[in-house]
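Peer 1: Pasting the sequence and the predicted coordinates here, then a few questions.
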Amino acid sequence: MTREEEIEQLLREIDNNYVDVTWAAKEAINWADQHPRKGLWDAQKVIEWLRNNAGTYLEDNRKYGEGCEYDISELIKDLRKAMEN
């Protein structure tokens, strides 16, 4: 069942069992907590990963008369990989 179909089913159940707005809202929130949308990343996990790994991607080009810069494409690739696990 797709996420959209699951949402439609939940809405039908809420409509069929309608008691009050508070109950319906709680049912919807509980369902959403139990069925997170795919592809979402945990912000705390992202921040922690960046804190622990960002320095690895820093390239010090001062010896060439330039400043420091990040290898952004590799950082993004590895961040995506880490967040999918």
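Peer 2: It's in. Numbering: from 1, shown residues only.
Peer 1: make it CA atoms for all contacts and neighbour counts henceforth
Peer 2: Noted.
Peer 1: what is the mean pLDDT for stretch 36-52?
Peer 2: The predicted model assigns stretch 36-52 a mean pLDDT of 82.
Peer 1: what separates it from the chain centre, distance-wise?
Peer 2: Taking the mean of its C-alpha atoms, stretch 36-52 sits 6 Å from the chain's own mean (Cα atoms, centre = their mean, to the nearest Å).
Peer 1: Tell me which residues of it come out buried.
Peer 2: Neighbour-count burial for stretch 36-52, with 16 or more other Cα atoms under 10 Å as criterion, is recorded at no position.
Peer 1: One more: stretch 7-18?
Peer 2: By neighbour count with 16+ other Cα under 10 Å, stretch 7-18 contains the buried residues 7, 10, 11, 14.
Peer 1: tell me which of these is nearest to residue 77?
Peer 2: Lowest distance from residue 77 to the buried residues of stretch 7-18 (Cα to Cα) belongs to residue 7, with 32.1 Å.
Peer 1: Does residue 39 lie in a helix or a strand, and which?
Peer 2: Using DSSP states H and E, residue 39 is not contained in any helix or strand.
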